[in-house]
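In: Model the structure of this input:
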Amino acid sequence: MDYDIAIIGLGPAGSTLARLLNPSFKVIALDTKHQTGDGGFHKPCGGLLANDAQRSFVRQNLTLPADILTNPQIFSVKTYDLQTKLVRNYQRSYVSFDRHKFDLWLKSLIPSNVTVLHNTLCKEVRRIIDGYQITYQTENKTEHNITAQYVVGADGANSLVRRMRYPQHTIRQYVAIQQWFPELHQNPFNSCVFDNKSTNCYAWSISKDGYFIFGGAFPKKVANQNFEKLKEKLATQGFIFGQPLKTEKCLVVYPNRLRDFYTGNENIFLVGEAAGFISASSLEGISYALDSAEILSKILNSHHPKPNKCYYQRTMPLRLKLYCKIFKAKVLTTPLWRKLIMKSKIQHIERIE
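Out: Coordinates of the predicted model:
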């Protein structure tokens, strides 16, 4: 084998695993993003660090650098139910940050003993004797092959590793669309928007560094048109859009069954969103990316004789927690239940306008 471990994808899960692996391993990591700057893939993500992700950072002794943080830091979410016309304000202790800078910062923490290939696309993962052959394409479209004993799929919602090696383990996917606009609102705000006529997931808006970011997750076939229709509806609610400065899109998994969470077998491991580890109620996935990578690193570092079985067992708490999020999502996206919750004004905070 050329390498002990090959990591496909360097989002939060892949970068965390590469950082935590024992330096005695010979590791290669492939990533579609550039090493610095704005080049390569940008994930449509509002860039809010939830409490669970903050706890993971505390446990891993990490501190966000100041240049990643954004302004303003808003500690409430204005929630809109377009079916009932109800609006509520809920306290949330999110930390606002620049997601692309965040991903590049996590990559910068990977130790020099790990071979990192930037702006590189994984094309195939093929089983061979005692391991796997990985075919990848570099920036100049040249293809290369390497071999590794272990392969880690950290390549997100549309994971090539999961699709190629486990085609029977499918998971529901939506299209996440996000647009950036100049911030023209007098009072910046973060919002969560429910509109069952547009999506049975949800949409969001975030004010960040002079920009107004609006996005949502929509069924594939109607994603673009429903996104635009939702913008038209929200324009009557005081949202100011104007001409978009940029548009970002990607697939996002939306789990709705316990078997949607799959961790891999035969020396292949899936971490983060590639494993289906994302909250159905909020689409928050950074905390589960950090946690699943940390769990896998400890198993591999200990040279466990049955690493796949051990990883499956130790991620059981994550899967059970995410299964509870599926139930929460079903409640929040059901108009009657959502109406009852919002009408009750539980945890709602009145704002002085």
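In: Partner strands of the helix or strand containing Cys192, with direction?
Out: Using DSSP states H and E, Cys192 maps to strand 191-194. Neighbouring strands of strand 191-194 in its sheet, by DSSP bridges, are strand 76-81 (parallel), strand 203-208 (antiparallel).
In: Single out the most deeply packed of the ones you listed.
Out: Among the strands paired with strand 191-194, strand 203-208 has the highest mean neighbour count (mean count of other CB atoms under 10 Å), at a mean of 23. Where C-beta positions appear, they are placed from N, C-alpha and C, glycine not excepted.
In: got a list of contacts for that strand?
Out: 46-48, 70-72, 74, 96, 98, 183, 185, 188-195, 212-217, 230, 239 (CB atoms under 8 Å, 6 or more residues apart in numbering).
In: which ones among those are found in strands?
Out: When DSSP state E is applied, the contacts of strand 203-208 are split such that 48, 96, 191-194, 212-217 fall in strands.
In: Export these to CSV and append columns for neighbour count and distance to Ser279.
Out: Listed next are the ones in strands among the contacts of strand 203-208 as CSV, based on neighbours: other CB atoms under 10 Å; distance: CB to CB, whole Å:
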residue, neighbour count, distance to Ser279
Leu48, 23, 12
Ser96, 21, 18
Ser191, 21, 18
Cys192, 18, 13
Val193, 22, 17
Phe194, 23, 16
Phe212, 22, 24
Ile213, 23, 19
Phe214, 23, 20
Gly215, 22, 16
Gly216, 26, 15
Ala217, 24, 12
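In: Please identify which pair of these lies farthest apart.
Out: Ser96 and Phe194 (21.8 Å; CB to CB).
In: residues making contact with stretch 216-234?
Out: 80, 82, 173-178, 193, 195, 198-204, 214, 239, 241, 252, 254, 283.
In: ranges for the helices of this protein?
Out: 12-20, 51-59, 99-108, 160-165, 223-235, 286-301, 307-314, 316-332, 335-344 (DSSP state H).
In: Most tightly packed of these?
Out: Using mean count of other CB under 10 Å, helix 12-20 ranks as the most buried of the helices of the chain, with a mean of 27.
In: tell me which strands and helices it is in contact with?
Out: strand 3-8, strand 27-30, helix 99-108, helix 286-301 (3 or more CB pairs under 8 Å, 6 or more residues apart in numbering; DSSP states H and E).
In: Give me the packing partners of the last one, helices and strands only.
Out: Read it as helix 286-301. helix 12-20, helix 51-59, helix 307-314, helix 316-332.
In: Could you list which residues are in contact with Gln91?
Out: Counted by CB under 8 Å, 6+ apart, Gln91 has contacts 75-76, 347, 349.
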